[in-house]
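**Q** Have a look; sequence and predicted model below, questions after that.
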Amino acid sequence: MRILGFALILVVLGCSNTKGPTRERPSYVISEDSMAILIAEHYVLNTISQDREVRKKRLTDFVKIDQKQLYDSFNITQAKFDTSMQYYLEDYRDMIKLHQTAMELLSARMAELKATGADSARIEPKISLEKLEARNKEG
């Protein structure tokens, strides 16, 4: 899944027009700041869904629920996210900027975890594996 995403970005980078006027963001497109946060959270959720224990215990459906909750917290739909992503993918400079911002957000989160003495090798998601397992037992 990650490889497909990176391949898509490389294709867009190769096909994008590097010269041209600055685009004006349409009103139906998610703002750059919100989009960067959404991309960062998608990285975390993607990492969770790829975790061996999550897959082994068949908890990936709960990760999808968390993704829906993420969209709900921004008051958007999957379709609006996809439309906005398509808009930003049309200009590789916009996409690079969004990814750099998302990486900065994740780096800041890692630094905060290090400062609190948490395991720096792992970014804790908004929901832990234990909570996913508890949900699985309830439902």
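**A** Received, thanks. Numbers count the residues shown, from 1 in each chain.

**Q** what about the strands in the protein?
**A** For the chain, strands defined by DSSP state E do not occur.

**Q** What ranges does the protein have for its helices?
**A** 2-15, 32-50, 52-56, 60-73, 78-89, 92-115, 129-138 (DSSP state H).

**Q** Which one of these lies nearest to Pro26?
**A** Across the helices of the chain, Pro26 has its closest neighbour in helix 78-89 (7.1 Å, C-beta to C-beta). C-beta coordinates here come from the backbone N, C-alpha and C atoms, glycine included.

**Q** and the closest one, which residues are buried?
**A** 81, 84-85, 87-89 (16 or more other C-beta atoms under 10 Å).

**Q** ranking the helices of the chain by burial, who's on top?
**A** helix 32-50 (a mean of 18; mean count of other C-beta atoms under 10 Å).

**Q** helices or strands up against it?
**A** Secondary-structure packing of helix 32-50 (3 or more C-beta pairs under 8 Å, 6 or more residues apart in numbering; DSSP states H and E): helix 60-73, helix 78-89, helix 92-115.

**Q** how about low-confidence regions in this structure?
**A** Under the criterion pLDDT under 70, the flagged ranges of the chain are 1-21, 52, 54-56, 118-139.

**Q** now the helices and strands packed on helix 32-50 in TSV, with distance to Tyr28?
**A** Listed next are the helices and strands packed on helix 32-50 as TSV, based on distance: least, C-beta to C-beta, whole Å:
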stretch	distance to Tyr28
helix 60-73	15
helix 78-89	7
helix 92-115	16
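
**Q** quick one: contacts for the residue nearest to Leu106 when sequence neighbours are not counted?
**A** Residue nearest to Leu106 in three dimensions, not counting chain neighbours: Ala40, with 5.3 Å by C-beta to C-beta, 6 or more residues apart in numbering. By C-beta atoms under 8 Å, 6 or more residues apart in numbering, the contact list for Ala40 reads 102-103, 105-106, 109.

**Q** how far away is Ala40 from Glu53?
**A** 22 Å (C-beta to C-beta, to the nearest Å).
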